[in-house]
Structure formats: structure tokens, C-alpha cells
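> Build the 3D model from these lines:
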Amino acid sequence: MIKVAWLAQYNIYELLPEIKLIREVTIHSSSWIHTLSEALAKEKEISLHIITHSPLVSHSQTIIKNGIVFHVIKYNFPFTDRGFPEYLPFDKLTGYLSFQRKAAKTIDQIKPDVLHVHGTEGGYFRPALRTRIPCIVSIQGIIAEYIKIEPSLAGHIQVLYERQALQHAKYFGCRTCFDYDFVKSVNRNAVIFNLPEAMNNVFFKQQWRRPDELSLLFVGSINKRKGIEDLLKALAIVREAIPSIVLKIIGTGKVTYTEFLKNEIQQLHLQANVKWLGAKTPLEVAQELQQSTIFVLPTLMDNSPNCVAEAMAVGVPCIATRIGGIPSMITHNENGALFTKNDIRELADLIMILAKDEKLQDLFSANAREVALTRHFPANVAKTYLQVYETLKQ
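From the prediction side, this is the model:
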């Protein structure tokens, strides 16, 4: 049996009631991490440990749930039970030192055969810096690209840690040609494995059927990088030809930006054409995908957005930006449609073409679902990861 320790952000609400919290707040679900970990735990050849951190736990705790050993490290802003604010990124300014020390001790206790760091967004690579244990770093988002659209002090500091991870690690898990090229541009000696995401089973259980009413669906964080402003402008054009069209928006974001978007909707006279659905569970998202005519992601930069993989798993026809890693997920005019970033006219035209062409909808739906079943079905993805771990252990 191979013992693997993940260093990853995990939604600790999934660990209730075994884990003890001091309060509850809204946090990112990271549902694909949960799906993959549970699929791996079913494999007899692996013993899986997950090291994560949170300011919401009363103290550092170790629990066992669903066959996985979770090591939850209490990590918070000094003298508080709060996380680290973006305007004062104390965690990044200190090199994640407190977490690094605690996680290093936990790794020593676990004695894993392989370490797997999920993402360069946080400080999860730091504890693996000096270990001799084989370590693979999975690329999720690419901060160096994201901050070009949404610059921040925290983001600029994190880019330094992202580059450190790329320079010091030997093994990497990539999902697209975009992140593969990015890793190689920094570390030409990198050994790269294809490690796709595992989508929640609820997305495979819901299969798209063309709804009676024409509707678009956006799923994602409500921020500038996701390109919702372009989608609203395209919707205004489409509405002239299809007055009844409705855009449903699933997601949450900062109040100031959400209010800005609502003002844009008023300026474009789209109040009757836009529905805000807020945060939804994975099952609720899957149901909305199933009941929508077209899924649209007008993102300005993304590597491998989960929402695209989820939409493809359900089989809803997809339109997304030809940017970042998305062309590795969607093949234009085969299992979806791609448009040029910021080209509002092209986006509007694609929506109108696909809305009126049922044969094209059926083609995209069937092909997307076939790709997703191969690339993102949890049991298949788990076996791919297990093979990589066995390779690294040798």
C-alpha cells in the first residue's frame, strides 16, 4: 500500500460533525477536491492523508472520515480567530511560516511515500520545500496571469511563491496545454503528468435535455476576471433578436462589484432578462445546468475552470472564451464553441446561432458529455492519480 499526503485547501464544513468549529462563514467549496479524495479512498492500494488549514477550527485536529485521515491545522491572523485580510496579507508577508512549521511536523509524523501539493495559490508548497519525499505540485490557477486582470498586493506577493514552487519542484500535475507551457517556461527540466480534475458525480447523473424556454447560465465567482460585463453587453444585443431570453447567474462575490453589475443591468435595460440565483450546492448547480439551453463562460483568463467541466459532464451546450487552458477543454464546433476575448459581437452571434440550431446543440451536448465521462469521471481520474503516485514511489 502506498501512503500519500496531500497539502490542499479543503472545505472543512465537509468534516462536520467530527471537526470542531468556532463559527461558520461562507467559503469556497472546492468540490472537485472532495470528489477526488473520496474516489481515491475507495482504492485499496492507497492510504490518503490530507493536511489543510483553517482559522475556523477551535484547535488543530486530526480526524478520520470516509477512509481519509484529515490533519486540520489552526492557522489564523495573530491574536484573532480570523483569516488573513487581503489588505494585510500577513500569511504571505511571513512566508506562511507558522503553517509551514506545523505542517512540516505533521509530515514527519505521517511519513508518506509521496507528497501532493494542490495548487500554488496558497502556502501549501512551503512545507514541502526541504523534504526529500517525492513531491508533485498540481497547477490549478496561474496567479501570474490572474493578477494582470485583478492586481493586488496579496496577488503580487503570491506570484513570488508560485515561481518558487515552479523552480524548486521536479514533478508537476497539469491539466491543459496552457499550464504545461507555463511550467516549462519557468522550469525546463520539469517532469509533467496529466492530472485532470474529478467532477462531482451529481453532474454525471443529471443529463441535459433541451428546455422549453430559452435561457443562458453563468456559474462562477462574481468578479471582473470572469468577464460578466462582456456577457451582459452581449445579452443586450441578443435581446434585440430574442426578447424573451433570460440569463441566470449562479455565484457570489464582493458586494461592491455585484452592485456595479446590477447598475450595468439597469443601464442596459436588462432587468427582466437577468436572474440572480446566488450560491448553490453542486446538486442545485447540476439541476440548473440541466434546465438551461446554453452555458456561457466569458472569462478573461482561466486555466481549467471547474464550471466548464461540470457543464460538459451534464451535457449542456457550452460557449466559452478562447483563452488560457479552455481550448484544451473545448474543441471549437465539436463539443462547444469558443470566441475571442472581449469580442462582444462574436459572443452575441454565437449565442444566437446556437440558440436557433437544435442539431448543433445536440452535437455539442453528446460530444461534451462523452469527453467529460472519459476525462472527469471520478473513478477514472482516481486510477490516473494512483498510477502517478506509484511511479513517484519507485
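> Show the contacting residues for the closest residue to Ser244 other than its chain neighbours.
Spatially, and ignoring its direct neighbours in sequence, Ser244 is nearest to Leu214 (6.6 Å; C-beta to C-beta, 6 or more residues apart in numbering). In this view, the C-beta of every residue, glycine as well, is placed from N, C-alpha and C. Shown in contact with Leu214 (C-beta atoms under 8 Å, 6 or more residues apart in numbering): Ile242, Ser244, Ile245, Val246, Thr293, Ala355.
> Out of those, list just those in helices.
Ala355 (DSSP state H).
> Where does Ile249 sit: helix, strand or coil?
strand (DSSP: H, G, I helix; E, B strand; the rest coil).
> distance of the closest residue to it other than its chain neighbours from Ser292?
Excluding the flanking residues, the one nearest Ile249 by C-beta to C-beta, 6+ apart is Phe218, at 5.0 Å. For Phe218, the distance to Ser292 equals 10 Å [C-beta to C-beta, to the nearest Å].
> Find residues that contact each of these two.
Between them, Phe218 and Ser292 have Lys248 as joint contacts when contacts are counted by C-beta under 8 Å, 6+ apart.
> Once you drop chain neighbours, what's closest to Gly325?
Nearest one to Gly325, counting by C-beta to C-beta, 6+ apart, is Thr176 at 2.9 Å.
> can you pull the contacts of the one you found?
Asn303, Ser304, Gly324, Gly325, Ile326, Pro327, Ser328, Met329.
> For the fourth one, grab the count of nearby residues.
Right, the one you point to is Gly325. By other C-beta atoms under 10 Å, 24 other residues sit near Gly325.
> With the fifth one instead?
In terms of burial, Ile326 registers 23 neighbours under the definition other C-beta under 10 Å.
> any idea how far it is from Ala337?
For Ile326, the distance to Ala337 equals 11 Å [C-beta to C-beta].
> any common contacting residues for those two?
Shared contacts of Ile326 and Ala337, defined by C-beta under 8 Å, 6+ apart, are found at Ala320.
> Would you format the contacts of Thr176 as CSV with pLDDT and distance to Gly123 included?
CSV is the format used below for the contacts of Thr176 (pLDDT from 0 to 100; distance: C-beta to C-beta, whole Å):
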residue, pLDDT, distance to Gly123
Asn303, 97, 20
Ser304, 96, 22
Gly324, 97, 24
Gly325, 98, 24
Ile326, 98, 28
Pro327, 98, 31
Ser328, 98, 28
Met329, 98, 28
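> Please report phi then psi for the residue nearest to Ile323 when sequence neighbours are not counted.
Nearest non-adjacent residue to Ile323, counting by C-beta to C-beta, 6+ apart: Lys341, 5.1 Å away. Backbone geometry at Lys341, expressed as degrees, to the nearest 10, gives phi -50, psi 130.
> Check what pLDDT Lys341 gets.
pLDDT for Lys341: 97.
> What's the local residue count around it?
Using other C-beta under 10 Å, Lys341 has 16 neighbouring residues.
> Format the contacts of Thr176 as CSV; extra columns: distance to Gln287 and secondary structure.
CSV is the format used below for the contacts of Thr176 (distance: C-beta to C-beta, whole Å; DSSP: H, G, I helix; E, B strand; the rest coil):
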residue, distance to Gln287, secondary structure
Asn303, 27, coil
Ser304, 23, coil
Gly324, 28, coil
Gly325, 27, coil
Ile326, 24, helix
Pro327, 28, helix
Ser328, 27, helix
Met329, 22, coil
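> In JSON lines: those, plus distance to Gln167.
Output for the contacts of Thr176, formatted as JSON lines (distance: C-beta to C-beta, whole Å):
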{"residue": "Asn303", "distance to Gln167": "19"}
{"residue": "Ser304", "distance to Gln167": "22"}
{"residue": "Gly324", "distance to Gln167": "22"}
{"residue": "Gly325", "distance to Gln167": "21"}
{"residue": "Ile326", "distance to Gln167": "27"}
{"residue": "Pro327", "distance to Gln167": "27"}
{"residue": "Ser328", "distance to Gln167": "24"}
{"residue": "Met329", "distance to Gln167": "27"}
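> Out of the residues you listed, which is nearest to Val274?
When the contacts of Thr176 are compared for distance to Val274 (C-beta to C-beta), Ile326 wins out at 23.7 Å.
> From what I see, the closest one and Pro298 are in contact.
No - Ile326 is beyond contact range of Pro298, at 10.9 Å (criterion: C-beta atoms under 8 Å).
> Tell me the residues that contact both of the two, please.
Shared contacts of Ile326 and Pro298, defined by C-beta under 8 Å, 6+ apart, comprise Ala320.
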